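**Student:** Got a sequence here, can you model it:
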Amino acid sequence: MKYRRTVRVRYPLTAGTLLLRSQNDWNRDLEADRVDEGGSLFTFTVEADQPFLYVKPCLRVRKELHWASGANTLVLMFEPDLRVDHPYFFPDTKASPFQPIGSTLVYLPPGYHENHLARFRVIYLLDDPQLFFPSSGTLELLAQMNAVDSFLVVSATSDANLVGELKPLIDRSLRTHPGKADTAVMGISQGGVAAFSAAWQNPDVFVAAICMSSPFTQRDNLLERVYSEPPRSVAFYLDSGGPRDHYEATLAMATALVQRGWQLGRDLVHLSHAEQTPWATRLHIPCQMFARSLRDVNLQQHGSQISPGLT
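**Tutor:** Here you go, the predicted structure:
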């Protein structure tokens, strides 16, 4: 069976030619069928004998060919052309992926400064980012695997009001997708409780709350609020360690959400880790649930008929 589809690439081309190469023949240039948006959106047609194909944008400037940084892009040949690739070709000169914005730190994915046409989802992290990101390797690896689209992580540990001050500042200062469907909040321990509370109180702002090892019922009334208040259109990721490692409180909260109408695997994920594992090693799970491309296809095909959850 022969598969055929289009692939779109957006890049602020100022010199040279943007091309596409594929695993069909890594030495063969594919030229764009059409160029839109003032010369920045390139549409290519690709063919394959199997249901997937790896491709790579390339930039030819005079006699020099630059391959896009990172892993090859995985294209599903039967998928509608809903995603746009935003490649980058040159090393980032910034010393650290975490950049100061006001009094907070923001993780900027590789290529942020070069390809200024890309916009990003945002996770607001209510904890020290070094707890999750001793390096940015997890997020970069997920993006290179095409498991997620790149996104920003904002360290929301300053005294700024999250919804009223910090989020508007970030949306003004950076290239974000500011809508609810592209904004999540995350924390561990008491930070996870705070993340749950932020999403519960602002269901028009956050699509999801990621709560890791959170001691629900300790100095908060969230469990009672879930039972007594109207349900919110927000998805929740809850995880914990084993017994006496916030397992009981997390299970109680997951049970309350199910009883109030949340559905496991749809707008609620509950996981227990039998052994204590570093938070950074568990990070890839909620990141894929929040920012994976399959979620985009699901939302675009079904629109408002489904809950704006993690999956």
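**Student:** Bridged to residue 264, which residues?
**Tutor:** residue 268 (DSSP bridges).
**Student:** Show the pLDDT at it.
**Tutor:** We have a pLDDT of 91 for residue 264.
**Student:** With residue 26 instead?
**Tutor:** 98.
**Student:** neighbours around it, how many?
**Tutor:** Using other C-beta atoms under 10 Å, residue 26 has 13 other residues around it. C-beta: built from backbone N, CA, C; applies to glycine.
**Student:** Mind giving me the packing neighbours of the host helix or strand of it?
**Tutor:** Residue 26 is part of strand 25-30, with elements assigned from DSSP states H and E. Here strand 25-30 touches strand 17-22, strand 41-48, strand 52-61, going by 3 or more C-beta pairs under 8 Å, 6 or more residues apart in numbering; DSSP states H and E.
**Student:** So for residue 35, which of those strands sits nearest?
**Tutor:** Of all these, it is strand 41-48 that lies closest to residue 35, at 5.6 Å by C-beta to C-beta.
**Student:** and the closest one with strand 25-30, angle?
**Tutor:** 130 degrees (axes from the mean of the first three to the mean of the last three C-alpha atoms, to 10 degrees).
**Student:** Going forward, the N-terminal residue is numbered 599.
**Tutor:** Okay, residue one is now 599; in that scheme the one you just asked about reads as strand 639-646.
**Student:** Strand 639-646 pairs with which strands, and in what direction?
**Tutor:** Here, using DSSP bridges, strand 639-646 pairs with strand 601-608 (antiparallel), strand 632-634 (antiparallel).
**Student:** gap between the shortest one and the chain center?
**Tutor:** Translated: strand 632-634. Offset of strand 632-634 from its chain centre (C-alpha atoms, centre = their mean, to the nearest Å): 27 Å.
**Student:** can you list the helices and strands packed on strand 623-628 in CSV and add mean pLDDT and distance to residue 599?
**Tutor:** Shown next, in CSV, are these (pLDDT from 0 to 100; distance: least, C-beta to C-beta, whole Å):
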stretch, mean pLDDT, distance to residue 599
strand 615-620, 98, 17
strand 639-646, 98, 10
strand 650-659, 96, 13
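**Student:** Make TSV out of these and add distance to residue 674 and mean neighbour count.
**Tutor:** Compiled in TSV, the helices and strands packed on strand 623-628 are given as follows (distance: least, C-beta to C-beta, whole Å; neighbours: other C-beta atoms under 10 Å):
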stretch	distance to residue 674	mean neighbour count
strand 615-620	14	20
strand 639-646	10	18
strand 650-659	5	18
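**Student:** who wins for proximity to residue 880 among the ones you listed?
**Tutor:** strand 650-659 (28.2 Å).
**Student:** related to what we said a few turns ago, could I get the helices and strands packed on strand 623-628 in a markdown table, plus columns for distance to residue 786?
**Tutor:** Formatted as a markdown table, these follow (distance: least, C-beta to C-beta, whole Å):
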| stretch | distance to residue 786 |
| --- | --- |
| strand 615-620 | 41 |
| strand 639-646 | 40 |
| strand 650-659 | 36 |
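**Student:** first to last residue in stretch 633-647, what's the distance?
**Tutor:** Terminal residues of stretch 633-647 are spaced 26 Å apart (C-alpha to C-alpha, to the nearest Å).
**Student:** Can you list the neighbours in contact with the strand holding residue 624?
**Tutor:** Strand 623-628 is contacted by residues 617-620, 642-644, 654, 656, 658 when judged by C-beta atoms under 8 Å, 6 or more residues apart in numbering.
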